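S.K.: One predicted model, sequence on top.
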Amino acid sequence: MNKETTQAVKKLLENPRKIVIVAHKNPDGDAIGSSLGLCFFLKKMGHDCQVIMPNDFPDFLKWMPGVDEILVFEKDLEKAKQSITDANLIFTLDFNSLDRVGDLQPLLENSEADFVMIDHHQQPATYAVATYSDVSVSSTAEMVYHFINALGEAEKITEPIATNLYSGILTDTGSFRFPATLPTTHRVIAALMEKGADNAVIYQNIYDTFTPDRMKLLGLALNNLTILEEYNTAYITLTQKELDEHNFKKGDTEGFVNYALMIKGIVFAVIFIENKQENIVKISFRSKGRFSVNDFSRSHYNGGGHINAAGGKSSQSLSNTVTEFISILPRYKQELSNA
Ligand SMILES: [Mn+2]
């Protein structure tokens, strides 16, 4: 965090504030971990703090310290509204444009609070009075560590803060294997372990949590995998019926797409998941190297994200979506062979 932003934040936090922390819709481990870690810290600094998520999040994140105090806007509507009305300072974490918070958007847009943004996605909007945006950092949770450190308050990091930030970094780096994992990331991880984050327990809490149904659904997904060797591409499909037969719950297909990237030579992996309720096909894209799934999804699937991980959607049927996808690939043949 640069000096100017640090000064601005110090000034904002000079006196006790009523603070709300908001992360993006469909919050992931980084959204939850960075928000809870920051909230514990701000409370320790004498502020009032409330974490609000636009909607619910997967069970494998529900063990995280402080998670019971999160307000989920979809469920705790009135309480969440009241907190936002009362807030005079709002931190937005792990997103950078107010259209990423679902139905919370108008409330945030109409709020007179000062905004602080901490985020690592591309193209930040300009709604915040203090913007800490850096696309080179592994995760927002890592940025929260740098934020606390820049304020000169690293000694205030307690075990719950360390556990939350560690979890955010762990999940957003794919267990420290994505290219955005830098030497600095590991230094932060080391510091968090020294503050009490238990790496083995955190890993188990997050990853060793499959239900038998979920494990069988993964088996089915792998069985549905198609390899397009010509394009160094592999994709997986899951129909609504297949999900229903495995008692699908939100988050169950998390990480499935990554298995396609484990095939030697594959640089582009996609999972298409039918969603009859919303009448769309949800799509996750992953890539290796220089092939930008952010650009690919922005161009064809109303989505975006990072260079190697992005989401998107299609309003066509599952089979038409797949047919169309295959028809687009020849345009990218060159890029896909040189990724
Ligand atoms: Mn993130």
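M.R.: Here it is on my side, so go on. This is a predicted model, so every value here is computed, not measured.
S.K.: where does the residue of the chain found nearest the ion land in three-state SS?
M.R.: The ion sits closest to Asp30 of the chain, with a gap of 3.5 Å, by C-beta to the ion. (Each C-beta comes from the backbone N, C-alpha and C, glycine too.) Three-state assignment for Asp30 (DSSP: H, G, I helix; E, B strand; the rest coil): helix.
S.K.: the bottom helix or strand of this structure by mean pLDDT?
M.R.: strand 304-305 (a mean of 86; mean pLDDT, DSSP states H and E).
S.K.: That one pairs with which strands?
M.R.: Strand 304-305 sits in its sheet next to strand 309-314 (antiparallel), going by DSSP bridges.
S.K.: can you tell me if the helix or strand harbouring Ile19 touches the ion.
M.R.: In the assignment (DSSP states H and E), Ile19 maps to strand 18-23. No: applying C-beta under 5 Å from the ion, one finds strand 18-23 separated from the ion by no less than 8.9 Å.
S.K.: Distance from that strand to the middle of the chain?
M.R.: Its chain's C-alpha centre and that of strand 18-23 lie 17 Å apart, by C-alpha atoms, centre = their mean, to the nearest Å.
S.K.: for it, packing partners?
M.R.: With contacts taken as 3 or more C-beta pairs under 8 Å, 6 or more residues apart in numbering; DSSP states H and E, strand 18-23 sits against helix 29-44, strand 48-53, helix 77-86, strand 89-93.
S.K.: what is the orientation angle of that strand with strand 48-53?
M.R.: Counting by axes from the mean of the first three to the mean of the last three C-alpha atoms, to 10 degrees, strand 18-23 points 20 degrees away from the direction of strand 48-53.
S.K.: which outside residues touch strand 18-23?
M.R.: 31-32, 34-35, 38-39, 42, 47-54, 83-84, 86-95, 101, 104, 108, 113, 140 (C-beta atoms under 8 Å, 6 or more residues apart in numbering).
S.K.: got the CA positions of whatever helix or strand Ser284 lives in in CSV?
M.R.: Taking DSSP H and E as the definition, Ser284 sits inside strand 280-287. This file holds the C-alpha atoms of strand 280-287, laid out as CSV (Å, rounded to 0.1, in the frame of the first residue of the first chain):
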residue,chain,number,x,y,z
ILE,A,280,-28.7,-20.4,-17.6
VAL,A,281,-25.6,-22.4,-18.0
LYS,A,282,-22.9,-21.4,-15.5
ILE,A,283,-19.4,-21.6,-16.8
SER,A,284,-16.0,-21.6,-15.1
PHE,A,285,-12.8,-21.1,-17.1
ARG,A,286,-9.3,-21.9,-16.1
SER,A,287,-6.1,-21.7,-18.0
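S.K.: Give me the distance between the two termini of stretch 166-177.
M.R.: End-to-end span of stretch 166-177 (C-alpha to C-alpha, to the nearest Å): 15 Å.
S.K.: Could you pull out the buried residues of that stretch?
M.R.: By 16 or more other C-beta atoms under 10 Å, the buried positions in stretch 166-177 come out as 166-174.
S.K.: same deal with stretch 28-43?
M.R.: By neighbour count on 16+ other C-beta under 10 Å, the buried set for stretch 28-43 is 28-42.
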